[in-house]
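>>> fold the following.
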Amino acid sequence: MVKRIVLLSGILFLCVVLLVGVAEEKKGKTTTTSKKKEEEVKKEVKKEVKKEEDEQKILEKKREELNNTEWEISIAPYNENVYKESDTLYFFDNKIITKKLKEKGYLPSNYSLRIQPDKSFTWETMQSKEQGGDKVFWRGDIYGESMRGGFSEFKENGEKNHYIFSTRNWKKIKDLPEELKEKQKTEEKK
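This next block holds a predicted model:
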């Protein structure tokens, strides 16, 4: 979002420089300095556009790599840091779901993905239950072949639970397990 604001600011600045240049040209006062500034702004805008396009290509590639993967995760209550539970997290069709949350009635969810300055990736999503107002907010950071992050469950009754997770291993899969597939087919009909 910030990059887009910077990009739009650069474009706006370029427009102002161009308008001032046109006005000066009409008055016969075109200066070398204003033309140099105009060229500098054009180069900067092109550079930002190229950077944004390159970043989008990297994100598309990472999203493709994540699709059809299964991650075994260890889960701990946020303040304990002792991994007491495990679950399986699936990335498929640009969505995520876990076995345990599916069993609780949560639906698969789209996720956002962004690249960090250190070239790691962060994904985030919010999942809702099929019935009721319970929600889970996820954030995961991917470093090479591993992932860690956290999620918070906010129940309709006001109860809140916060967890951290870390991956044990992951693998590519050809298809979702049957118990998740059935749910997906049902949702697509709605």
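>>> tally of neighbours for Gly158?
Neighbourhood size, Gly158 [other C-beta atoms under 10 Å]: 6. Bear in mind the C-beta positions are built from the backbone N, C-alpha and C, glycine included.
>>> from Asn79, how far out is it?
Distance from Gly158 to Asn79, counting by C-beta to C-beta, to the nearest Å: 19 Å.
>>> now the helices: where do they sit in the protein?
Using DSSP state H, the helices of the chain run over 2-27, 32-66, 99-103, 178-189.
>>> what's the average pLDDT for the shortest one?
Averaging pLDDT along helix 99-103 gives 93.
>>> what bridges to the residue nearest in space to the middle of the chain?
Geometric centre of the chain, nearest residue: Leu113, 1.8 Å, by C-alpha atoms, centre = their mean. Beta-bridge partners of Leu113, counted by DSSP bridges, are Trp123.
>>> what's the answer for Ser74, then?
Going by DSSP bridges, Ser74 forms beta bridges with Ser86, Ser166.
>>> show me this protein divided up by domain.
The chain breaks down into these domains under automatic domain parsing: 2-64, 67-189.
>>> now, of the ones you listed, which is deepest in the fold?
domain 67-189 (a mean of 15; mean count of other C-beta atoms under 10 Å).
>>> and that domain, how far from the chain's centre?
13 Å (C-alpha atoms, centre = their mean, to the nearest Å).
>>> about what we covered before: hmm, the residue nearest to the centre of the chain is touching Arg63, no?
Yes: using C-beta atoms under 8 Å, Leu113 is in contact with Arg63, at 5.7 Å.
>>> and the contacts of stretch 73-82?
83-89, 98, 147, 150, 161-168 (C-beta atoms under 8 Å, 6 or more residues apart in numbering).
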